[in-house]
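**Q** Sequence isn't available, so here's the structure alone:
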């Protein structure tokens, strides 16, 4: 003999409001502090300098890769 299923109880569901306020990232927080401490011109100069550093690193990596390719082709030519 089968038992009767248990009665389903209605439970009160409370609607809650979820606020999705994102916490600022570390980068965003640092930029906010930077904007308070530096004038616009200093900030632009610093960013331009950093962009130049990154570009110099990229060019140096390109030179290393080109040199490696030349060394491999020279070694293959002597064989």
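**A** Nice, I can see it. These figures come from a predicted structure and were not determined experimentally.
**Q** and after the lowest-mean-pLDDT helix or strand in the chain, which helix or strand comes next?
**A** In the chain, the helix or strand scored least confidently by mean pLDDT, DSSP states H and E is helix 26-37, which has a mean of 83. Scanning forward in sequence from helix 26-37 by DSSP states H and E, the next helix or strand is helix 40-78.
**Q** Enumerate the positions of that next one that are buried.
**A** For helix 40-78, the neighbour count (16 or more other Cβ atoms under 10 Å) marks no residue as buried. Any C-beta I mention is one placed from the backbone N, CA and C, and that applies to glycine too.
**Q** so it versus helix 26-37, what angle?
**A** 130 degrees (axes from the mean of the first three to the mean of the last three Cα atoms, to 10 degrees).
**Q** Where does pLDDT dip in the protein?
**A** Residue ranges of the chain with pLDDT under 70: 1-22, 79.
**Q** separation between residue 59 and residue 72?
**A** Distance of residue 59 to residue 72, computed by Cβ to Cβ, to the nearest Å: 21 Å.
**Q** Quick check: the gap between the residue most central in space within the chain and residue 34.
**A** Note on the chain: the residue nearest the mean C-alpha position is residue 27, at 9.4 Å, using Cα atoms, centre = their mean. From residue 27 across to residue 34, the span is 10 Å (Cβ to Cβ).
**Q** likewise residue 66?
**A** To residue 34, residue 66 is 37 Å away according to Cβ to Cβ.
**Q** Likewise for residue 44?
**A** Using Cβ to Cβ, residue 44 is found at 11 Å from residue 34.
**Q** And for residue 73?
**A** Residue 73 sits 47 Å away from residue 34, going by Cβ to Cβ.
**Q** ditto for residue 74
**A** Counting by Cβ to Cβ, the gap between residue 74 and residue 34 amounts to 48 Å.
**Q** Ramachandran coordinates for residue 25?
**A** Main-chain torsions, residue 25, degrees, to the nearest 10: phi -70, psi 170.
**Q** try residue 24
**A** Main-chain dihedrals, residue 24, degrees, to the nearest 10: phi -70, psi 140.
**Q** That one reaches residue 30, doesn't it?
**A** No: using Cβ atoms under 8 Å, residue 24 makes no contact with residue 30, being 9.6 Å away.
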